[in-house]
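Asker: Got a predicted structure here, sequence first:
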Amino acid sequence: MAEEFRALVVEKTDAGVTASIRRLTDKDLMPGDVDVHVEYSTLNYKDGLAVAGRPGVIRKYPLIPGIDLAGEVISSHDATFKVGESVLVNGWGMGESHHGGFAERARVPAGWLTRMPKGMTARETMAVGTAGYTAALCVLELIAQGVAPSSGPIVVTGAAGGVGSVAIVLLASQGYHVVALTGRPEEGDYLRDLGAKEIMPRGELEVDVKPLSKERFAGAVDSVGSKILANILSMTKAGGTVTACGLAAGMDLPATVAPFILRGVRLSGVNSVYEPAAKRQRAWEMIAQHLNKTKLSEMAEEITLEEVPAAAQAILAGKIRGRTVIRLAA
């Protein structure tokens, strides 16, 4: 008899989209080279959309959501990974077109796997998750473009969210002066504890956009987009770099070319889903080296699989602080 495991499954019927916990077997898994006993997953904004039945994330039904997972290899048909190794997966279409991490077992192509960073546990990597991994990619891009701590302040938008929280810690630990942009002033103490030197109300960047404003920032990690991103571009110093990795405020960009042609500002897009293995490894090495584990623990809340639907609604409503990890191992 096939061994059963629990999974959160999103299904689409004539009545709409529903998410429920079901018991599945290996026969329900999709093709792949490696089977993983999933110990932890995590809730990202994209997962919230999927679980809540919002369009644009899940491409086939029924599907197990969850764009992240961490656990132990229990079966492998690829020589690269052996039984007993600790691994993680971020992106690659998992939780969108391939069964994801909201289950006790997963089967994925070997090329999607990343070895667990030395010194980190499965729970810690999921406290980072795709959100934190994306933040690390943004910080790597700022460094690659020559933005140093001496260059000036770095603004981080969506500061109390998953990307923002990790970006603040990574930047502050490397000596950057971080300005945390947030619409939740009550999170000021939390953001300062992460390492932010200044707290900036979101409303200051929700005003009408000028072609050029007073130079204020040497760079940015932006997960919001729209008018806020446009205003940041207009306020970025000559030669500065703005990294863009999200669109929580919208997909539009009501900007002009002035910052690019008059100040040489760079806008660097960051897509974490399909980054090559070498770049992923560099991002995780930065995380392992610079992310304070005490602060990581403070920014992460642990929930069970049964609590995911409610947490999905909360993350979409902007009520989640930091990171949410999902414990799947008994």
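Answerer: That came through, no problem. Numbers count the residues shown, from 1 in each chain.

Asker: Contact partners for the residue nearest the centre of the chain?
Answerer: What sits nearest the mean C-alpha location of the chain, by C-alpha atoms, centre = their mean, is residue 131, with 1.2 Å. When contacts are counted by C-beta atoms under 8 Å, 6 or more residues apart in numbering, residue 131 touches 42, 44, 45, 161, 162, 163, 166, 323. Quick note: C-beta positions are derived from backbone N, CA and C, even for glycine.

Asker: from the residues you listed, which is closest to residue 261?
Answerer: residue 163 (28.7 Å; C-beta to C-beta).

Asker: I figured that closest one was touching residue 134, is that so?
Answerer: Yes: counting by C-beta atoms under 8 Å, residue 134 is a contact partner of residue 163 at 5.6 Å.

Asker: and the residue nearest to the centre of the chain, what are its phi and psi?
Answerer: phi -60, psi -50 (degrees, to the nearest 10).

Asker: Pull out the buried residues from the helix-or-strand element of the chain with minimal mean pLDDT.
Answerer: Sorted by mean pLDDT, DSSP states H and E, the helices and strands of the chain end with helix 293-298, the least confident at a mean of 86. Across helix 293-298, burial judged by 16 or more other C-beta atoms under 10 Å covers 295, 296.

Asker: 56 is where my numbering starts, stick with that
Answerer: I'll keep to 56 as the first residue from here, and by that count the last item is helix 348-353.

Asker: more crowded one of residue 218 and residue 189?
Answerer: For residue 218 versus residue 189, neighbours defined as other C-beta atoms under 10 Å are more numerous around residue 218 (33 against 29).

Asker: what's near enough to touch that one?
Answerer: If you count contacts by C-beta under 8 Å, 6+ apart, then residue 218 has 186, 187, 189, 190, 193, 276, 278, 300, 301 around it.

Asker: From residue 290, how far off is the fourth one?
Answerer: Translated: residue 190. 21 Å (C-beta to C-beta, to the nearest Å).

Asker: can you count the residues close to the spatially closest residue to residue 153 that is not a sequence neighbour?
Answerer: Spatial nearest neighbour of residue 153, excluding adjacent residues (C-beta to C-beta, 6 or more residues apart in numbering): residue 85 at 5.5 Å. Residue 85: 15 surrounding residues under other C-beta under 10 Å.

Asker: what's the answer for residue 154, then?
Answerer: Neighbour number of residue 154 under other C-beta under 10 Å is 24.

Asker: Could you tell me which residues touch both of residue 218 and residue 189?
Answerer: Counting by C-beta under 8 Å, 6+ apart, the residues touching both residue 218 and residue 189 are 278, 300.

Asker: The closest residue to residue 230 other than its chain neighbours: how many residues sit nearby?
Answerer: Counting by C-beta to C-beta, 6+ apart, residue 204 is the residue found nearest to residue 230 once chain neighbours are left out, at 3.9 Å. The number of residues packed near residue 204 is 14, by other C-beta under 10 Å.

Asker: again, but for residue 266
Answerer: 13.

Asker: Please apply the same query to residue 259.
Answerer: 11.

Asker: the more surrounded of residue 190 and residue 290?
Answerer: residue 190 (34 against 22).

Asker: re earlier: ok, the residue nearest to residue 230 - contacts?
Answerer: Neighbours of residue 204 in contact, by C-beta under 8 Å, 6+ apart: 229, 230, 231, 232.

Asker: one step back: looking at it, the residue nearest to residue 153 is touching residue 164, isn't it?
Answerer: No: contact criterion C-beta under 8 Å: residue 85 and residue 164 do not qualify, at 9.7 Å.

Asker: Leaving out chain neighbours, which residue sits closest to residue 159?
Answerer: Nearest non-adjacent residue to residue 159 (C-beta to C-beta, 6+ apart): residue 60, at 3.9 Å.

Asker: and the helix or strand harbouring residue 369, which residues are buried?
Answerer: Using DSSP states H and E, residue 369 sits in helix 363-371. By neighbour count on 16+ other C-beta under 10 Å, the buried set for helix 363-371 is 363, 364, 366, 367, 369, 370.

Asker: do the same with stretch 354-362
Answerer: So for stretch 354-362, counting by 16+ other C-beta under 10 Å, buried means 354, 355, 357, 360, 362.
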